[in-house]
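> A predicted structure for the sequence below; I have some questions about it.
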Amino acid sequence: MGKSLTYKIVEEHLVSGELEPGTEIGIRVDQTLTQDATGTMAYLQFEAMGVPRVRTKLSVSYVDHNMLQTGFENADDHRFLQSIAARYGIYFSRPGNGICHQVHLERFGVPGQVLLGSDSHTPTSGGLGMLAIGAGGLDVAVAMGGGPFYVMAPRVVLVRLTGSLQPWVAAKDIIFEVLRRQTVKGGLGKVFEYGGPGVASLSVPERATITNMGAELGATTSVFPSDERTREYLRAQRREEAWRPLAADSDAEYDEVVEIDLDTLGPLIAQPSSPDAVVPVGDVAGTKVVQVCVGSCTNSSYHDLAVAASVLKGRKVHPQVSMTVTPGSRQVFTMIARSGALADLIEAGARILESACGPCIGMGQAPPSDGASLRTFNRNFPGRSGTSNDRVFLASPEVAAVSALRGVISDPREFGEPPSIELPREFYVDDDLIIPPADKPDEVEIVRGPNIKPLPIAEPLPEAIRGKLLIKVGDNISTDTILPAGAKILPLRSNIPAISEYVFAYVDSSFPQRAKEAGASMIAGGANYGQGSSREHAALAPMYLGVKAVFAKTFARMHHTNLINFGILPLRFVDEADYERLNPGDELEIPNVREAIRNGHEIKVRNLSRGYEFTARHELTPRQVEIALAGGLLNHVRSSQP
Ligand code: MIC
Ligand code: SF4
């Protein structure tokens, strides 16, 4: 039987376990990336491990999220990150150089290598044939120290593309179609591997849009073959030597096959407030929009911005619409400036933002009350834009640009001739904003501002856990709900005591206070609890507030790992009726929990307030049981050091 591309790359990197779906494997990591909002913690953790220099082939630290400098915090963090990078052998991509995923694709991604990044959209580099996986900062810190990355051996889904994209239909519509069919829960434990004759028609930036937004499936990652298009892209980046051809065997077998005929695919749109609430654009055409944003790591390539510019050229953005455009990198910014596309955007009335995440993470440009916003981004979880009760639609740059002119959501096929964009044969290459590590690392002083507080560490798991159930939430709760981002909260990412005041801020602002009063507490959630971002703060801050266990119907992959890494037990309801029976305020007890998690997967939980017992289940691997017993990964790593 032939092999999938995914398994070929995994096999080349396998250091422990067997390729049996659902069992844990350890893989060697070639490259890591961090961004500033997760990076400060990741580097504090790396420092705590006492490793003198990164042991990867390449590690890059980006600054792209916390860009607004409304106080000293973000600027201080940037200096800390720059000094840490110089000291420990890490490349530092300065603020202004671009969004981590876009820059990594352009300048560092290597087909066939494994990339681990402390950001859920790390799979962007899967567009180049990398196995690129998002994880919590602590897992990335361990990988920087030379440790393997542990993950469940995935099931592999072939997304077989036939035909070619029709005018006005974009790569974004392909991933929307996958999301429409598979939903935000459908990707758990799976890698989405793209193949079929339609692949050759897609450029690397288009492929990267698809693998980027594959994160919204909850998938482990997504990957494209490395072919002549990949070679062409790397050549344009003056990195052809990084190319190697990679593909699945022609007789490869897959766990599942999804067929998409590009000839029949039309423009799609995700409605508020979930990336899988996908319908044809025509279904919501005519809906008034007051904001249109083009950018984010999903759609900020030269191609994306050139498409928007060519639609807007010689026309004006609708007077009721505020339109922003964000180039994904300095490379893209320079290229649209040189090609004239930037002038077309400015003349049309678009507001040009610096190369960063910006509105995607609520760093400015929160939409007005009751106004719909249309964005080319990847996520529209409730409140993520920075406005509560927001109404955010997600769509391609084509749909966004046409809608910005008309002031209402529009099917671009009614607009006329589609833009025809040729990718330049050579991209603008200038790595001056990427600072290599210091030649004399011992002389580098780490700069620590007052916002950088020491890492809180959990206690080893006690013999029994007892605590109050503080909150019960529904299905698909994202980490944006557990610990929101945005311009006000993000600057506190390196200060856990301060950021913990915002846990569940938009759904129950009394949570932090009640958690502190309770001393020990628990949380109950529905299916796919903790979807979305990799932010380990959504585990760290609850841990700091005394949360000991989270019960849920199912967990999203990264959050499940983050909870274990920070000493909180993730437990699944065996019988979903037990979710219904629990009430906030109930006093719960897990007796003999240390013994119970060692001896099996079933855990008895007592509801002391209402006098009944129910069974929950843990899905920790034997290695994770040891981590949980130690009170988290840092304790575990330390206790296993000689
Ligand atoms: C996001 O898109 O939600 C983020 C902000 O990039 C996060 C990381 C973070 O919370 O810092 C992610 O995707 O992992
Ligand atoms: Fe940044 Fe948005 Fe991409 Fe996250 S999804 S890395 S916030 S651009």
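Looks like it arrived, so ask away. Numbering: from 1, shown residues only. Ligands and ions are numbered 1, 2, ... in the order given.
> Now the residue of the stretch 401-550 of the chain found nearest ligand 2: which helix or strand?
The nearest approach of the stretch 401-550 of the chain to ligand 2 comes at residue 533, 6.8 Å away (Cβ to the nearest ligand atom). Any C-beta I mention is one placed from the backbone N, CA and C, and that applies to glycine too. Using DSSP states H and E, residue 533 sits in no helix or strand.
> per-residue pLDDT, it?
Here the pLDDT value assigned to residue 533 is 98.
> what stretches of this protein score poorly on pLDDT?
641-642 (pLDDT under 70).
> Kindly recompute the last result at 50.
Of all residues in the chain, none has pLDDT under 50.
> related to what we said a few turns ago, surely the residue of the stretch 401-550 of the chain closest to ligand 2 touches residue 120?
Yes - the pair residue 533 / residue 120 is scored as a contact, 5.0 Å apart, by Cβ atoms under 8 Å.
> what residues are shared contacts of these two?
Shared contacts of residue 533 and residue 120, defined by Cβ atoms under 8 Å, 6 or more residues apart in numbering, comprise residue 558.
> Near whichever residue of the stretch 251-400 of the chain sits closest to ligand 1, how many residues? Count them for me, please.
As assessed by Cβ to the nearest ligand atom, ligand 1 sits closest to residue 361 within the stretch 251-400 of the chain, at 4.6 Å. Neighbour count of residue 361, defined by other Cβ atoms under 10 Å: 27.
> Now do the contacts for the residue lying closest to it once chain neighbours are set aside.
In space, and not counting its chain neighbours, residue 361 is closest to residue 485: 4.8 Å by Cβ to Cβ, 6 or more residues apart in numbering. With contacts defined as Cβ under 8 Å, 6+ apart, the neighbours of residue 485 are 37, 65, 361-362, 384, 533, 535.
> Who has more neighbours out of residue 533 and residue 120?
Higher neighbour count among residue 533 and residue 120: residue 533, with 30 against 26, using other Cβ under 10 Å.
> so how far is residue 378 from the more buried one?
According to Cβ to Cβ, to the nearest Å, residue 533 stands 11 Å off from residue 378.
> cool, and residue 102?
Distance of residue 102 to residue 378, given as Cβ to Cβ: 13 Å.
> Those two: which is more packed in?
residue 102 (31 against 26).
> Please name the nearest non-neighbouring residue to the more buried one.
Closest to residue 102 by Cβ to Cβ, 6+ apart is residue 328, at 3.4 Å.
> Isn't that neighbour up against residue 297?
Yes - the pair residue 328 / residue 297 is scored as a contact, 6.5 Å apart, by Cβ under 8 Å.
> Number of residues surrounding residue 266?
14.
> Report the contact partners of it.
166, 169, 173, 280-282, 413.
> If we use 7 Å, what do you get?
Residues near residue 266 by Cβ atoms under 7 Å, 6 or more residues apart in numbering: 169, 280.
> swap in the one 3 residues further on?
Residues touching residue 269, when contacts are defined by Cβ under 7 Å, 6+ apart, comprise 279, 281, 284, 393-395, 399, 409.
> Can I have the buried ones of these as a ChimeraX selection?
Filtering those down to the buried ones (16 or more other Cβ atoms under 10 Å) takes a single ChimeraX command:
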select :281,284,393,394,395,399,409
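> How about the stretch 51-200 of the chain: which residue is closest to ligand 1?
With Cβ to the nearest ligand atom as the measure, residue 120 is the residue of the stretch 51-200 of the chain nearest to ligand 1, at 3.5 Å.
> Spell out the secondary structure type for that residue.
Under the three-state scheme (DSSP: H, G, I helix; E, B strand; the rest coil), residue 120 adopts coil.
> ok, and for the helix or strand encompassing residue 517, which residues are buried?
In this structure, residue 517 sits in helix 511-518 according to DSSP H and E. For helix 511-518, burial by neighbour count (16+ other Cβ under 10 Å) applies to 511-512, 514-515, 518.
> Now do the phi/psi pair for the residue nearest to residue 102.
The phi/psi pair for residue 328 (degrees, to the nearest 10) reads phi -70, psi -20.
> The helix or strand where residue 468 lies: what's the following helix or strand?
Using DSSP H and E, residue 468 sits in strand 465-472. Toward the C-terminus, strand 465-472 is succeeded by helix 479-482 as the next helix or strand (DSSP H and E).
> Show me what that next one is in contact with.
Residues outside helix 479-482 that contact it (Cβ under 7 Å, 6+ apart) are 381-384, 503-504, 506-507, 530, 532-533, 535, 538, 559.
> Now which of these would you call buried?
When these are checked for burial by 16+ other Cβ under 10 Å, the buried set is 381-384, 503-504, 507, 530, 532-533, 535, 538, 559.
> Can I get those in CSV including secondary structure?
Formatted as CSV, the buried ones among the contacts of helix 479-482 follow (three-state DSSP):
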residue, secondary structure
381, coil
382, coil
383, coil
384, coil
503, coil
504, coil
507, coil
530, coil
532, coil
533, coil
535, coil
538, helix
559, helix
